[in-house]
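In: Following is a predicted model, sequence given first.
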Amino acid sequence: MHNFSDKVITPLDQLPAAQIQSGFLTLLHKEVKRFYKVAFQTVGAPVLTAVLYLLIFGHILENSPKIYGYGYSAFLIPGLVMMSVLQNSFANTSSSIIQSKITGNLVFVLLAPLSHIEFFCAYVGAAMIRGLAVGIGVFLVTMGFASVPFEAFVWIIVFATLASALLSAMGLVAGMWADKFDQLAAAQNFVITPLTMLSGVFYSIHSLPPFWQKVSHFNPFFYMIDGFRFGFFGQSDVSPWQSFAVLAFAFVGVTMVCLKLLKSGYKLRY
Amino acid sequence: MTAISIKNIKKSYGSLQALAGVSLEIEQGEFFGLLGPNGAGKTTLITSMAGLCKPDSGSIAVMGFDVQKDFRIARRQLGVVPQELVFDPFFTVRETLRFQSGYFGLRKNDDWIDEIMANLDLTNKADSNMRALSGGMKRRVLVAQALVHRPPVIVLDEPTAGVDVELRQSLWQFVSRLNKAGHTIVLTTHYLEEAESLCGRIAMLKQGRLVALDTTANLLAKHRPAGAPIRVLGDDGAADLEAVFVKIMAEANHA
């Protein structure tokens, strides 16, 4: 073994302040690298799934009546993009937290001088990067199948960002709550996937019977898809401002719950 | 200066009282042993120091900083080697150490990381994935992770459980050197001969209560069971402390 130099007795807090920074960027970097190392599975696979949806449903329903004046494939593309953003944002935070909890390596983050806000921002930020990367990937691949307009580009950015942030925060709560992988799978399969699928990804809610149209308005995911689609077509089932208000309210609510849980150490610090 | 100050810490998990009002102080530069049978509350006390567990009452300060109120500064003072062999399977040894350093706010710390790896014989494993390491190597990485932010206080929670003789000896040489360089060391172990030869002072816990706190020499002198042979500390590595430990635990049962 070698001999330790004098540096061993230089405590961190005696180092020049300029050398000591927040750990937030490192945690964000680590979380991004975690999914990037398996990008084939975390980004490539969801893109392929979305393309398969487009190929199958687009082929079957291409001759159906136009929606917003566009063919079915064009109508479907924004929905598929948003669905991919939502599912992958949720999956990133939830899977990262539960894997770290179960394998025990979350201890390294919990031992660090990171506040609950830094913890939240790093996990949610990384999940948003994955969700949006998958969304962009889906869009780039599917745009070869149909021409989609950009009527209100700002709304596209606003809804993609806000919806991704909301699902990332929801995934963080789910990851903290779940003690086992099957609990998390239940949340994903019985809550997130049905709410996404029934939010109007594959249809306009105007095609539904009046009762189910009303029910759809209680699904917060509907507003994400509908507002996002407005950005492309300039038309939607409800006003984009209404969708924005619902989403913003939901995001603030989920964020407050999440920060409260993180601050209390819910299922993380016993 | 006091490195760790623990004041009347109580912690219960449901009906189980893990810590029933423990108070003690550990001075800077000490090599301190925390002993007790399984379930005595050693790990709960360590996790309370590290902020991984929130005590029901009482307070803990590391280098004068409260671990709850001043958590940012307090955590920077402490390096913890966990009992379990935990690791992140996505990353290499170097990535693991860089991330750990970055969590503590040191993002350009490669010189120090290289030095720690050299001291722990990890240099040739720097680019190996954590999954590919043997148990002993993973244990070394855990030690390196605890040191990466240069903490003045190092806590080792049963670091030699299931570790081979060679690694155990090299680990103790390394930790002893850190202690001589000024680091405060807190050690929990079930290998009492290790505690006897390394620790200057020892606390013993039983069922969440402090049942002994003294220098190792005093514990051996005061509590040696009647008829036990008198041996010079450390002359043969024999576990004199084991007899003392058994006696103190038996007395605690009757207290």
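Out: The structure has been received and is ready for your questions.

In: Only C-alpha atoms from now on, for both contacts and neighbour counts.
Out: Will do.

In: if I pick the residue of the stretch 151-270 of chain A found nearest chain B, what's in contact with it?
Out: Closest to chain B within the stretch 151-270 of chain A is residue A:270: 4.6 Å, counting by CA to the nearest CA. Residue A:270 is in contact with B:52-54, counting by CA atoms under 8 Å, 6 or more residues apart in numbering or on different chains.

In: so where's the chain shaky on pLDDT?
Out: Since you didn't name a chain, this refers to chain A. Where chain A drops to pLDDT under 70, the residues are A:1-20.

In: Switch to chain B, please.
Out: Using pLDDT under 70, chain B drops low at B:225-239, B:255.

In: That one: strands as residue ranges?
Out: For chain B, the strands defined by DSSP state E cover B:2-13, B:16-27, B:31-35, B:57-62, B:65-66, B:78-81, B:153-157, B:184-188, B:201-206, B:209-215.

In: Measure how buried residue B:174 is and give me the count.
Out: The tally of other residues near residue B:174 (other CA atoms under 10 Å in any protein chain shown) stands at 18.

In: which residues does it contact?
Out: Residue B:174 sits in contact with B:119-120, where contact means CA under 8 Å, 6+ apart.

In: I figured residue B:205 was touching residue B:211, is that so?
Out: Yes - assessed by CA atoms under 8 Å, residue B:205 is found in contact with residue B:211 at 5.6 Å.

In: Show me where the chain has its helices.
Out: Answering for chain A, as no chain was given. Under the criterion DSSP state H, chain A contains helices at A:24-36, A:39, A:45-61, A:72-103, A:107-110, A:116-142, A:153-177, A:181-187, A:193-197, A:210-216, A:220-233, A:240-264.

In: Let me rephrase: I mean chain B.
Out: Under DSSP H, chain B gives helices at B:42-49, B:71-76, B:93-103, B:110-119, B:135-147, B:165-180, B:192-198, B:216-223, B:240-254.

In: I'd like to check the angle between the first one and strand B:201-206, please.
Out: By that I understand helix B:42-49. Interaxial angle of helix B:42-49 relative to strand B:201-206 (axes from the mean of the first three to the mean of the last three CA atoms, to 10 degrees): 110 degrees.

In: could I have stretch B:185-204 exported to CSV, CA atoms only?
Out: Output in CSV follows, covering the C-alpha atoms of stretch B:185-204 (Å, rounded to 0.1, in the frame of the first residue of the first chain):
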residue,chain,number,x,y,z
ILE,B,185,-12.8,6.7,13.9
VAL,B,186,-16.0,5.1,15.2
LEU,B,187,-16.1,1.3,14.7
THR,B,188,-18.8,-1.3,15.4
THR,B,189,-17.7,-4.9,15.2
HIS,B,190,-18.5,-8.3,16.5
TYR,B,191,-14.8,-9.2,16.4
LEU,B,192,-13.9,-8.1,19.9
GLU,B,193,-10.2,-8.8,19.4
GLU,B,194,-10.2,-6.1,16.7
ALA,B,195,-11.9,-3.6,19.1
GLU,B,196,-9.5,-4.5,21.8
SER,B,197,-6.4,-3.9,19.7
LEU,B,198,-7.6,-0.8,17.9
CYS,B,199,-10.0,1.1,20.1
GLY,B,200,-8.8,3.5,22.8
ARG,B,201,-12.3,3.8,24.2
ILE,B,202,-15.3,1.6,24.0
ALA,B,203,-19.0,2.0,24.6
MET,B,204,-21.3,-1.1,25.0
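
In: which residues touch that stretch?
Out: B:29-37, B:42, B:153-161, B:175-176, B:179, B:210-217, B:233-234, B:237-242.

In: cool, and stretch A:50-70?
Out: For stretch A:50-70, the surrounding residues in contact (CA under 8 Å, 6+ apart) are A:71-73, A:75-77, A:80-81, A:84, A:138, A:141-142, A:204, A:233, A:235.

In: hmm, 6 Å instead?
Out: Under the contact criterion CA atoms under 6 Å, 6 or more residues apart in numbering or on different chains, stretch A:50-70 has outside partners A:72-73.

In: for that stretch, which positions count as buried?
Out: Neighbour counts over stretch A:50-70 (16 or more other CA atoms under 10 Å in any protein chain shown) mark A:50-51, A:54, A:58, A:67, A:70 as buried.

In: Quick check: end-to-end length of it?
Out: 19 Å (CA to CA, to the nearest Å).

In: what separates that stretch from the chain centre, distance-wise?
Out: Distance, stretch centre to chain centre, for stretch A:50-70: 25 Å (CA atoms, centre = their mean, to the nearest Å).

In: Same check on stretch A:47-59?
Out: Per CA atoms, centre = their mean, the centroid offset for stretch A:47-59 relative to its chain is 20 Å.

In: Residue 161: neighbouring residues, count only.
Out: Unless you meant another one, I'm taking chain A. 16.

In: wrong one, chain B
Out: 14.

In: which residues touch it?
Out: Counting by CA under 6 Å, 6+ apart, there are no residues that residue B:161 touches.

In: hmm, which of the contacts of residue A:270 are the buried ones?
Out: B:52-54.

In: could those go into a markdown table alongside distance to chain A?
Out: Below are the buried ones among the contacts of residue A:270 laid out as a markdown table (distance: CA to the nearest CA, whole Å):
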| residue | distance to chain A |
| --- | --- |
| B:52 | 5 |
| B:53 | 5 |
| B:54 | 6 |
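
In: What residues does residue A:159 make contact with?
Out: residue A:228.

In: go again using 7 Å as the cut-off
Out: A:224, A:227-228 (CA atoms under 7 Å, 6 or more residues apart in numbering or on different chains).

In: Please work out how many residues are found near the residue found closest to residue A:222 once you drop the neighbours it is linked to in the chain.
Out: Closest residue to residue A:222 apart from its sequence neighbours, by CA to CA, 6 or more residues apart in numbering or on different chains: residue A:199 at 4.1 Å. Neighbour count of residue A:199, defined by other CA under 10 Å: 25.

In: picking that back up, could you dump the strands of chain B into CSV with mean neighbour count added?
Out: As requested, these are arranged in CSV below (neighbours: other CA atoms under 10 Å in any protein chain shown):
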stretch, mean neighbour count
strand B:2-13, 19
strand B:16-27, 18
strand B:31-35, 25
strand B:57-62, 20
strand B:65-66, 20
strand B:78-81, 26
strand B:153-157, 24
strand B:184-188, 25
strand B:201-206, 23
strand B:209-215, 18
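
In: Quick one: these as TSV, columns for distance to residue A:39 too.
Out: Below are those laid out as TSV (distance: least, CA to CA, whole Å):
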stretch	distance to residue A:39
strand B:2-13	41
strand B:16-27	44
strand B:31-35	45
strand B:57-62	41
strand B:65-66	42
strand B:78-81	32
strand B:153-157	36
strand B:184-188	41
strand B:201-206	49
strand B:209-215	51
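
In: The closest residue to residue A:124 other than its chain neighbours and residue B:105: what is the separation?
Out: The shortest distance from residue A:124 to any non-neighbouring residue, by CA to CA, 6+ apart, is to residue A:168 (5.2 Å). Residue A:168 is 25 Å from residue B:105, where distance means CA to CA.
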